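K.L.:
make a model of this:
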Amino acid sequence: MKGIGPSYYLPGCAYSRRTFWRAALDVTILVLVAGFHPVRSVASELSDIADAYRRQARDVESLYVAYHITSEPLGARADIRSYLGTLVLENEHKVFAFKDHKRYSKMSCPNGGVYDDLLEKDPDGRPKKVSCTADAEYAFDGTHLYSINDTTGSNQAPASIVPINRSRGGDSSYFDQEYMRWAFRMLPDALNIDKDRADSWLAGVIDGCNCRVRSRSETVDGAACIVIAWQGKVTFYGEDRKMKTELRNHAVWCDPQMGYAVRKRETLLASTGGLLESRYAFSEFVEVAKGVWLPRKGYWDRYAPEQAPSQLHNVPLIRYTYNVTDIHANDVPDDLFALSFPPGAHVRDERYLKNGQPIFYTMPAGGEDLDMVIELALKGQGIGEILSGQRLGRRLTIGLLLLPMIFLIGIGAYRIIRKFRPAS
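P.N.:
Model (predicted):
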């Protein structure tokens, strides 16, 4: 092969100079036709997504979102009750807001907290009524937890103020982060610094789990999405009301054109190798801050568990739908995170203790009287005693003012009687 020159070697192959340049020309033509896509490692791609979520978390210092959530049966009601344990179909208005470590949550039911039972009937054939919490509102200003709900008639005061030590307790009973969980952007526990909720934040999952990226992008609502998959543990209450831990396979579809916002999520039972447990889908995204896109609409489908008959597998039984009515970022006022109780509300105030126990008082009509009400509550006087004392004080004051007048009238009457009394 003299005159051809040295060969250029690739693993297991040998090419002449002429062959090499011909191959190089072919590759160049392919790149120009197909477009140049640099090869990047999976680790680098995942790191970019995690960094984007961390940057977005810094850029959104506060957020306010109000939404309406409803549910509808997709399968037989008996199956929904039997395999998912659902009692009623939801219809709730919710609000969630945060600013740094501060939190706010509100829930109200248009029907006053009275729902039709999903399955059971009264003797007259009408749906049996199920009572739930009608209204609840909670706020945490970084120091105190405020709450007011519809527990009137129970042994608990409907309104309360509780000083909080952030190293104890938890906020899941007060602040409903349902929307943040759906968007895979849950915040750390505001009342317990040890609960970072990294498994419900995409950046935390990428950092803490063995994630992989599917080789090809997949289209969701016309958008080419990167698909991230991993396996993780979930903890839940079983039918026997005992805590259980099981493995789940997870996948999320992220849109790189919208800051890797999640357009779709799926959870599958790891033990079955592909049995769907839940599916989320999101749409109508809005840019609440630069590069931060959040959905205005979405739904969550729940599927029958492994023990259900095979014909119910991978078939959604119930769908939860939400519609955002208001959402905005970086303009939430501080006063939202300290509740103002309405006049007449019965308050349990743990900021003040009497004999080691919190004080109770009724919220006065005028806010300027609150300090006096608290002071009297610390002295052990109820509102009835307070009012009785006020009435007694007014009576004594009037009596003291009238006493000199009565004395002068008595003297005048005595002198008149003496003047006209006949001499003896």
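
K.L.:
could you check how far Ala97 is from Asn330?
P.N.:
Counting by CB to CB, to the nearest Å, the gap from Ala97 to Asn330 is 12 Å. From N, CA and C alone the C-beta is placed, and that goes for glycine too.

K.L.:
overlap in contacts, these two.
P.N.:
Common neighbours of Ala97 and Asn330 (criterion: CB atoms under 8 Å, 6 or more residues apart in numbering): Ser62, Leu63.

K.L.:
which of the two has more neighbours?
P.N.:
When Ala97 is set against Asn330 and neighbours are counted by other CB atoms under 10 Å, the residue ahead is Ala97, at 21 against 14.

K.L.:
paired strands for the host helix or strand of that one, with orientation please.
P.N.:
Assessed by DSSP states H and E, Ala97 sits inside strand 91-99. Within its sheet, strand 91-99 is paired with strand 62-73 (antiparallel), strand 102-108 (antiparallel), according to DSSP bridges.

K.L.:
and those: which comes nearest Val130?
P.N.:
With CB to CB as the measure, strand 62-73 is the member of the strands paired with strand 91-99 nearest Val130 (13.8 Å).

K.L.:
all helices of this structure, in order?
P.N.:
Along the chain, counting by DSSP state H, helices occupy 17-34, 42-59, 77-79, 178-182, 202-208, 370-378, 383-420.

K.L.:
among those, which one carries the weakest average confidence?
P.N.:
Out of the helices of the chain, helix 17-34 stands lowest, with a mean of 43 (criterion: mean pLDDT).

K.L.:
returning to that earlier point: mind putting the strands paired with strand 91-99 into a markdown table with distance to Ile374?
P.N.:
Shown next, in a markdown table, are the strands paired with strand 91-99 (distance: least, CB to CB, whole Å):
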| stretch | distance to Ile374 |
| --- | --- |
| strand 62-73 | 31 |
| strand 102-108 | 24 |
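
K.L.:
any low-confidence regions in this protein?
P.N.:
Where the chain drops to pLDDT under 70, the residues are 1-40, 151-157, 166-168, 236-241, 367-368, 381-404, 407, 410, 412-424.

K.L.:
how is it partitioned into domains?
P.N.:
43-337, 346-378, 391-419 (automatic domain parsing).

K.L.:
single out the most deeply packed of these.
P.N.:
Counting by mean count of other CB atoms under 10 Å, domain 43-337 has the highest mean neighbour count of the domains of the chain, with a mean of 16.

K.L.:
look up phi and psi at the residue nearest in space to the middle of the chain.
P.N.:
Nearest to the mean C-alpha position of the chain, by CA atoms, centre = their mean, lies Gln177 at 1.7 Å. Dihedral pair for Gln177: phi -100, psi 30, per degrees, to the nearest 10.

K.L.:
just checking, it touches Ala97?
P.N.:
No - Gln177 lies out of contact with Ala97 (CB atoms under 8 Å); the separation is 10.8 Å.

K.L.:
and the gap between the closest residue to Ala281 other than its chain neighbours and Val213?
P.N.:
Using CB to CB, 6 or more residues apart in numbering and skipping the chain neighbours, the partner closest in space to Ala281 is Lys264 (5.2 Å). For Lys264, the distance to Val213 equals 15 Å [CB to CB].

K.L.:
ok, Asp141 next?
P.N.:
For Asp141 relative to Val213 (CB to CB), the value is 41 Å.
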